[in-house]
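Enquirer: Return atomic coordinates for the entry below.
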Amino acid sequence: MNIVVIGGTGLIGSKLVARLLQLGHQAVAASPNSGVNTVTGQGLARALKGAAVVVDVSNSPSFEDAPVLEFFTKSTNNLLAEGSAAGVGHYVALSVVGSERLPESGYFRAKVVQEQLIQRGSIPYTIVRATQFFEFVKGIADSATHGNEVRLSSAGIQPIAADDVAHALSEVTLGPAVNGTIEVAGPETFGLDELVRKSLAARKDPRTVIADANARYFGTALQERSLLPGAGARTGRIRFEQWLAAPSAR
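Expert: Next comes the predicted model:
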């Protein structure tokens, strides 16, 4: 099967491409570095020629409200137009669990717009919503740091390893379009403050994590289940402490 992975050189994309190649499929990593720019459309028609599936795991270079909305709007519209012209039969997109519950965040509003464009498009699709990656937990801590304190909500979170996300995406990519949404999450649920506390302790990071019900998550308030998947979510196999023990986690 000929598969084009948009954002194929990033964290998830590179793992997905490697897995698809290992399974014997033709998987091409498309990104600005390979001459494919989904925002301008440069190189997109050439990249999608003959593709059976396009998988979009790309991300905006800016998380500011206006640029991130422009990125996902233009990129998705271009992918839909060129994908339809190329006869692509399945559009797979990676999104985020809980995006619709976090409207104060420009980033999550943009992800909702991306999903809506795909849902209204002419290409059969599957949207895979993942919870936060283990690999980004340190970034959550950094975003909430003031001096030596990290203030975070204790709302629930069910984070997942990037390897498990790539595994789930590979299964979806090689299966039929569901014209709907699939959620994937890790095997354990934590309080957000608890998760970051474990992460910092494993790295011997001296910062103190303080549970604060009013703390914001990338600019938006959290309810207890804002970041948690629904009951039917697929779960990964890698546990957080197992991932932390791996050399790559450091």
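Enquirer: can we go C-alpha only for contacts and neighbour counts from here?
Expert: OK.
Enquirer: burial measure for the nearest residue to residue 137 once chain neighbours are set aside, as a count.
Expert: Nearest residue to residue 137 in three dimensions, chain neighbours excluded: residue 196, at 6.4 Å (C-alpha to C-alpha, 6 or more residues apart in numbering). Using other C-alpha atoms under 10 Å, residue 196 is surrounded by 22 other residues.
Enquirer: Contact partners for residue 196?
Expert: For residue 196, the contact set (C-alpha atoms under 8 Å, 6 or more residues apart in numbering) comprises 137-138, 140-141, 209.
Enquirer: Please indicate which of the residues you listed are buried?
Expert: Neighbour-count burial (16 or more other C-alpha atoms under 10 Å) applied to the contacts of residue 196 gives 137, 140-141, 209.
Enquirer: In helices, which of those fall?
Expert: 137, 140-141 (DSSP state H).
Enquirer: Which of those residues sits closest to residue 161?
Expert: residue 137 (10.6 Å; C-alpha to C-alpha).
Enquirer: what residues are up against the closest one?
Expert: With contacts defined as C-alpha under 8 Å, 6+ apart, residue 137 is in contact with 195-196, 199.
Enquirer: can you map out the strands along the chain?
Expert: Assigned by DSSP state E, the strands in the chain fall at 2-6, 26-30, 53-56, 90-96, 125-130, 145-146, 149-152, 156-157, 180-185, 190-191, 208-211, 234-235.
Enquirer: for the contacts of residue 196, which one is nearest residue 47?
Expert: Checking the contacts of residue 196 one by one against residue 47 (C-alpha to C-alpha), the nearest turns out to be residue 137, at 33.3 Å.
Enquirer: That closest one and residue 112, how far apart?
Expert: 22 Å (C-alpha to C-alpha, to the nearest Å).
Enquirer: thinking again about what came up before, would CSV of the ones in helices among the buried ones among the contacts of residue 196 with distance to residue 232 and pLDDT be doable?
Expert: Converted to CSV, those look like this (distance: C-alpha to C-alpha, whole Å; pLDDT from 0 to 100):
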residue, distance to residue 232, pLDDT
137, 24, 96
140, 26, 96
141, 29, 97
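Enquirer: Just the closest of the residues you listed to residue 230, please.
Expert: Set against residue 230, the nearest of these by C-alpha to C-alpha is residue 137 (21.2 Å).
Enquirer: most residues in a single helix of this protein, which one?
Expert: helix 65-86.
Enquirer: which secondary structure elements does it contact?
Expert: helix 44-48, helix 106-120 (3 or more C-alpha pairs under 8 Å, 6 or more residues apart in numbering; DSSP states H and E).
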